[in-house]
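In: Just a sequence and a predicted model for now, questions to come.
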Amino acid sequence: MSTPVRTPAIGAALERLDGPAKVTGTAPYAFEHRVRGPAYVHAIQATVARGRITRVGTAAAGALDGMLAVITHENAPRLASDKDRELWILQSPDVGFRGEFVGAVIAESAETAREGAALVEIDYDA
């Protein structure tokens, strides 16, 4: 018979270092932390309920000032395994539902990323 694992933190009243700031509303949000050279992403979602992507046009988006990358199933890093299909984002031209992420635009500003996403042309075999 194995010995049960003792977890003294569960159910115990622990002091949270960030507790006072959170309950008084003075805790900073992640966006409020200043970083050098931030990048912003805007997702591109499928406009068909089911189908296959037949063409992706990224030239107009790629030409915008401040554009860093346009990522689609054609150039996304490959995952080592397809065991967990929930993580299988941008790995295939197949579309399983309307709103599925089929691309992402990364830019130096949120506005440029959004504009770039609107310029990406995607054709489907629905």
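Out: It's in.

In: Please make it C-alpha for all contacts and neighbour counts, starting now.
Out: Will do.

In: Let me know the average pLDDT across stretch 48-55.
Out: Here stretch 48-55 scores 98 as its mean pLDDT.

In: Please enumerate the strands of this protein.
Out: 40-45, 51-57, 67-72, 94-95, 101-107, 121-125 (DSSP state E).

In: Now those strands in CSV, please, with extra columns for distance to residue 25 and mean neighbour count.
Out: Formatted as CSV, those follow (distance: least, CA to CA, whole Å; neighbours: other CA atoms under 10 Å):
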stretch, distance to residue 25, mean neighbour count
strand 40-45, 26, 20
strand 51-57, 44, 15
strand 67-72, 35, 20
strand 94-95, 42, 20
strand 101-107, 31, 23
strand 121-125, 43, 15
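
In: Save those strands as CSV, and put in distance to residue 20 too.
Out: As requested, the strands of the chain are exported to CSV (distance: least, CA to CA, whole Å):
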stretch, distance to residue 20
strand 40-45, 31
strand 51-57, 49
strand 67-72, 39
strand 94-95, 46
strand 101-107, 36
strand 121-125, 48
